[in-house]
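Participant: when you get a sec, could you give me coordinates for this:
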Amino acid sequence: MRWCPTDSGDIGGSSKSPADSGIEATRRAVMVGRGTDGTLTGALEVFDAVRPRLFGIAYRMLGSVAEAEDVVQEAWLRWQQTDRSQVRDPIGFLVTTTSRLALNAATSARARRELYPGPWLPEPVDTSADPTLQAERNESLGLAMLLLLERLTPAERAVYVLREAFDYPFRRIGEVLDISEAYARQLGRRARTHLAQQRRDPVARADHGRLLRAFLAAARSGELTRLEELLATTATSYADGGGTVRAAQVPIVGRDNVARYILGLIRKFGHDLSTEIVESNGQAAILISRPGTAVALVTIDASPAGIERVLIVLNPQKLARFQR
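Facilitator: Down below sits the predicted model:
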């Protein structure tokens, strides 16, 4: 059985604690289900109640929908095979199982990505497909943040995701990852320090959308100077072709270089393309398409200094969820 992340969900995380965000209501419903039905149907009901949260954890840990679904699938198999009558806290069991599976998967994924052809970018998700995916605390969901999370160790990333996206206390994070509370806090501090060194404060959501639209207009017009004015001095562009679509094999660095690369990419695509603003990972993004085929998804990361990063997903396998 394959679990689709866009059926319903909590991929956006929560700006409140688990108790405030409704997780306690889910927990009570799950506990009732555990006590009254020991069948596989009962196990499925329990799992479905928390599955969106499990996917949200795994996706942030891995940056890949397919890999996150595999982790959630394995968590389901373990839940199915467990003596559930002995599990006092089903949600705790499932979150712990998923987090540890994702931690192991992140370690192996890190080695594979060192051999990836060119820059690797996270697989985008269409967060407009379900209104429940909209959430206040979605910074850890953005493609630029997911890319930065790749620079953390798997353990640092796990702590950061559980703390910043889902507001778990460090004591609980320690229990989930089988480490001490003090070490969980230390990993959390390291993660925040590393990320702060790599990223300036992002602009507000409205300013992000305005900059994206201005970026699209400048790229369409072909005006180099207009495009350069939107970019930060140290702007960097990453293009992920996955080895199947021609793309720059290294990041393009510098305002002038990025602007020229973007205009060259537009010319390469030709004139039979359509562009539209869509929502990806909780933010506005540009979807570039030919009739029936998504060609690229472009998103930006911006600070008060301008657009810092341009992320271009060209890999067809990563665009499947944006086919129109």
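Participant: quick one: low-confidence parts of this protein?
Facilitator: Confidence mapping of the chain against pLDDT under 70 gives the ranges 1-38, 130-139, 324.
Participant: what segments of this protein are helices?
Facilitator: For the chain, the helices defined by DSSP state H occupy 23-36, 40-62, 65-81, 90-113, 143-149, 154-160, 170-177, 181-198, 205-221, 224-230, 255-269.
Participant: can you list the ones you listed in a markdown table and add distance to S128 and mean neighbour count?
Facilitator: No exception for glycine: its C-beta is placed from N, CA and C like everyone else's. Compiled in a markdown table, these are given as follows (distance: least, C-beta to C-beta, whole Å; neighbours: other C-beta atoms under 10 Å):
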| stretch | distance to S128 | mean neighbour count |
| --- | --- | --- |
| helix 23-36 | 24 | 15 |
| helix 40-62 | 16 | 22 |
| helix 65-81 | 15 | 19 |
| helix 90-113 | 25 | 19 |
| helix 143-149 | 15 | 22 |
| helix 154-160 | 26 | 23 |
| helix 170-177 | 31 | 19 |
| helix 181-198 | 26 | 16 |
| helix 205-221 | 14 | 16 |
| helix 224-230 | 25 | 16 |
| helix 255-269 | 24 | 16 |
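Participant: of all these, which one comes closest to D301?
Facilitator: Of all the helices of the chain, it is helix 143-149 that lies closest to D301, at 3.4 Å by C-beta to C-beta.
Participant: and the closest residue in space to I262 that isn't next to it in sequence, what does it touch?
Facilitator: Ranked by C-beta to C-beta, 6 or more residues apart in numbering and with sequence neighbours excluded, the top spatial neighbour of I262 is A219, at 5.6 Å. By C-beta atoms under 8 Å, 6 or more residues apart in numbering, the contact list for A219 reads 227, 262-263, 266.
Participant: and the gap between A219 and G306?
Facilitator: Using C-beta to C-beta, to the nearest Å, we find A219 at a distance of 15 Å from G306.
Participant: I'd assumed V72 was in contact with F55.
Facilitator: Yes. Contact criterion C-beta atoms under 8 Å: F55 and V72 qualify, at 5.3 Å.
Participant: quick check: A235 vs I262, distance?
Facilitator: A235 is 10 Å from I262, by C-beta to C-beta.
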